[in-house]
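Student: quick one: sequence and predicted model below, then my questions.
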Amino acid sequence: MAHATATKVEETKGADKTALITGSEAIAVACKLADVDVITAYPIRPYDTVMQYVAKLVANGEMDCEYIVAEAEHSQFEIVKHASAVGARVFTGSSGVGWMHAFEALTVTPALRIPMVAMVGNRALDDPGAFGVEHNDALAVRDLGWQLVWVDSAQEALDTALIAYRVAEDKRVFLPCAISCDGAFLTHSQALVRIPAQEKVRAFLPPYDRAKLLLHPDNPITVAPQANEDWVMEIRRQNHEAMERAVKVIGEAYADFERTFGRSYGNPFFEEYETADADVVLVGMGTVSTPIKVGIRELRKEGKKVGFVRVRWFRPFAADELAATLSRFRAVGVVDRDFSFGSPYRSGVLATEIRAAMYPSAKRPPVLGFIGGLGGREVTVPDVRRMTESTLLAAEGKAQPPTQWIGLRE
Amino acid sequence: MGQLYAVEIVYRGIFQKTLAKNISRAIVLAAHREGKPGISFGRYGDSPERNGIPAKSFAIVATDEQTLEEGMAKYEPKEVDVTICVDDTLCKGVESWAWYGLQPINRLLKPGGTLVVTSKEEPPVLIGMIHQKDVPYRLAIVKGTPSFSGLWVYKDDHTDVRLLGTLSKVLPDLFSLMSLQEVIKEEWDDPVKASSALRAYERVNPVVVPPGQGNAETPYQFTLPKWTEMPEGIAIPAIPLGHAMKDGGNGHSGGFRPERNPTFKKYTTRTMRPVVDFDLCVKCTLCWLQCPDSCFDVTPDGLYDAAMEACCGCGVCEAVCPEAGCITMVNETRFQDNASQWQAWRKDPQEYKRWVRETIADRPDRSHGFRYRGQYQEQLPEMLTIAREG
């Protein structure tokens, strides 16, 4: 029998293995390790790398799941929503306008408290048709009750997918979680990834138990009825409380992850790089971390005390903790791989959230916004230098534009 | 602050939606002729596109803009000067799709306010249906079969102008008959409609309903749960299955009574109800099978008893029953309670038989919906004659 050409992952018994895989493949491996029951697929770059790899795992007999190719993204997300309601662990994903095509399904999923885990292969929204990364696709659901997390390496993609199931399926939460992976930089680059042993994953991730919300003849319930103004506020409040509880559950999951797998991510919500003595920091999400870290190392050789804060969990947003951290610095430069047209300061979404989070702080350093890397354009090390230098000037009290486009031909 | 006036029009979807809108619009337009600003709107939480569902339109008028704004700040008025009820079966109360429990038809009436009802009944019959109020109010009847003038095609039976003419008499400060006649000329340019309004104005003769008179029943109500008391995930536990019934007479158990929604009742969604002659029943099960609301209890002796908390009065049971005269739909105005017919029959079959014959024989016209194509055209000349001659 012909063997599909997937990178072979040995059945792990006890020992971790190392494989050279992309960020997408790392998430597919996490699906296998999590023993996902139902996966729906519909191709769009760069998310399709996940569905291809899962298909290979299934074809090779390495993974056992219902693998359904839907006729479009809306059905793709609806099918897993229903599968999750009847007690199946589910996975799906999309990119760019594919994610937007599923939008109605995306709005109902958190409201019905469905612990769906989805991968967003971040991609610019059409038009123009473009494959490259931009974060506006995943960010479009930021007000809907989805948990949103950004990762910057294939290893973190795998680990975060396992953590996402653990958090989403916790009865205190029961909210969907979207893992954002930058198109190309993460979805299409292979890196050496440590694949944990199945036993460890089993110990970390209990089976999905839908409990009282299980849609089953033995547990007759009606889900998603029509409701008028007498009910909607109470339902929204319930979802808000679930998102609030997620903060604690995320902390517990990362602590357990460290205990089980022996690897730690430190603060689950954001990573700090060279911040201990920093005067200024850049803030960003996703793979922009690589040129920023390299740029910071160069600038530090020149004696400039700069650092970096990489936001992982955008929802729930660790506002208090981020504000406390960022108020230590003399200026903050937020790098957005997205843009919010007509927004306050005509900036990116992350910059607006950081400004809002810092407003109650006693010490409020200037916050600059940088728009860079849109549509997959590379954010270069010289770009990082320009952004950092502008932030340093702001720290010295020299007025800087609130939002600057970096790497734009002008 | 100036004077604020509020009028509500209580109607049934879908066939009376345009009628209600026409009335509330004309109220605002007529008052505007006298320099009073106003607004007209339908209650958004209602679902008037559903056949038979009670719904409301409102007209709010004031002597000045600022006072109007005070009225508009409350989306739904908390009290009204006049309630216009365009289907007399709604005198039993209003259970809107918006699920507020059973609201007495006179609930919003100010002391001394007027309830205007289109009906062929006399005041005692209607007062027997209307819940008691602890302040006096007035009842004015505009004679006629409740109008089903339609949604898309407005089949004009002059109910609108007759009610408006009545309103100009019972609440003359809102607008005068003269202002109404001007609006009728501008909106319809029909002298016959103008004369129907005039005749209604001349004929209206309200009776005062003193406190404590009327239906003594406590209206069905419930408390909405707090957010912490609701199941999460927008999930509602299913209604449990049913159980056997017990015959109070001989102690036998048997049959089947389904459990029913503990919160959502259908006491007033109905404009007519099935009257069952149990002696004619052949136990074919068709009514029980076809009822869209599972309203039939299967009795221990294998008969079918329509539970009034669940019957929406659609008439499917009558349509599918193969025995002539076994199930007959009768206008709700004929009934003063929601008691079990089967229990009455078990208690005294002879007396029950007499009651069935009498109830069916002199049953009032059916008020709700069309039973067959062309029914409305048959009623229209009669309605216009009533409008003209009374």
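Tutor: On my side now, so go ahead. Quick caveat: nothing in here was measured; it's all calculated off a predicted structure.

Student: just give me the neighbour total for residue 74.
Tutor: Because you didn't say which chain, this covers chain A. Close neighbours of A:His74, defined as other Cβ atoms under 10 Å in any protein chain shown, add up to 17. In short, each C-beta sits where N, CA and C put it, glycine included.

Student: actually chain B
Tutor: Neighbour number of B:Lys74 under other Cβ under 10 Å is 11.

Student: and it, helix, strand or coil?
Tutor: Classification of B:Lys74 using DSSP: H, G, I helix; E, B strand; the rest coil returns coil.

Student: let me see the contact set for it.
Tutor: B:Lys74 makes no contacts at all, as judged by Cβ atoms under 8 Å, 6 or more residues apart in numbering or on different chains.

Student: phi and psi next, for it.
Tutor: The phi/psi pair for B:Lys74 (degrees, to the nearest 10) reads phi -100, psi 120.

Student: over to the one 3 residues further on?
Tutor: Taking degrees, to the nearest 10, you get phi -60, psi 140 for the backbone angles of B:Pro77.

Student: dump the residue contacts of it.
Tutor: B:Ala6, B:Glu8, B:Phe58, B:Ile60, B:Gly71, B:Leu108.

Student: low-confidence ranges in the stretch 251-400 of chain A?
Tutor: Applying pLDDT under 70 to the stretch 251-400 of chain A flags no residue at all.

Student: could I get the full set of helices for it?
Tutor: A:289-301, A:319-326, A:349-358, A:381-395 (DSSP state H, counting those that start in this stretch).

Student: out of those helices, which gets nearest to chain B?
Tutor: Closest approach to chain B among the helices of the stretch 251-400 of chain A is made by helix A:319-326 (23.0 Å; Cβ to the nearest Cβ).

Student: off-centre distance for that closest one?
Tutor: How far helix A:319-326 lies from its chain's middle: 19 Å, per Cα atoms, centre = their mean, to the nearest Å.

Student: what's near enough to touch B:Ile127?
Tutor: B:Leu139, B:Val209, B:Gln213, B:Gly214.

Student: can you do 10 Å?
Tutor: Contact partners of B:Ile127, counting by Cβ atoms under 10 Å, 6 or more residues apart in numbering or on different chains, are B:Cys91, B:Leu115, B:Glu121, B:Leu139, B:Val207, B:Val209, B:Gln213, B:Gly214, B:Asn215.

Student: near chain A too, which of those?
Tutor: Taking Cβ under 10 Å from any Cβ of the partner chain as the test, chain A is in contact with none of these.

Student: which of those residues are buried, as a PyMOL select command?
Tutor: Restricted to buried positions by 16 or more other Cβ atoms under 10 Å in any protein chain shown, the PyMOL selection for those reads:
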select buried, chain B and resi 91+115+121+139+209+213+214+215
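
Student: enumerate every residue touching A:Arg263.
Tutor: A:Asp16, A:Gln155, A:Asp159, A:Arg194, A:Pro196, A:Phe257.

Student: was I right to think the fifth one contacts A:Lys32?
Tutor: No. In this structure, A:Pro196 is not within contact of A:Lys32 by Cβ atoms under 10 Å, at 11.5 Å.

Student: quick one, which of these two is more surrounded?
Tutor: Taking other Cβ under 10 Å, A:Pro196 and A:Lys32 do not tie; A:Pro196 has more neighbours (24 against 21).

Student: picking up where we left off before, closest to chain B out of the contacts of A:Arg263?
Tutor: A:Phe257 (26.2 Å).

Student: ok, the closest residue to B:Leu286 other than its chain neighbours - contacts?
Tutor: Nearest residue to B:Leu286 in three dimensions, chain neighbours excluded: B:Val320, at 4.4 Å (Cβ to Cβ, 6 or more residues apart in numbering or on different chains). Contacts for B:Val320 (Cβ under 10 Å, 6+ apart) come out as B:Cys284, B:Leu286, B:Cys287, B:Trp288, B:Leu289, B:Gln290, B:Cys291, B:Ile327.

Student: with A:Ser347 instead?
Tutor: For A:Ser347, the contacting residues are A:334, A:336, A:338-340, A:354-355, A:367-371, A:402-404, by Cβ under 10 Å, 6+ apart.
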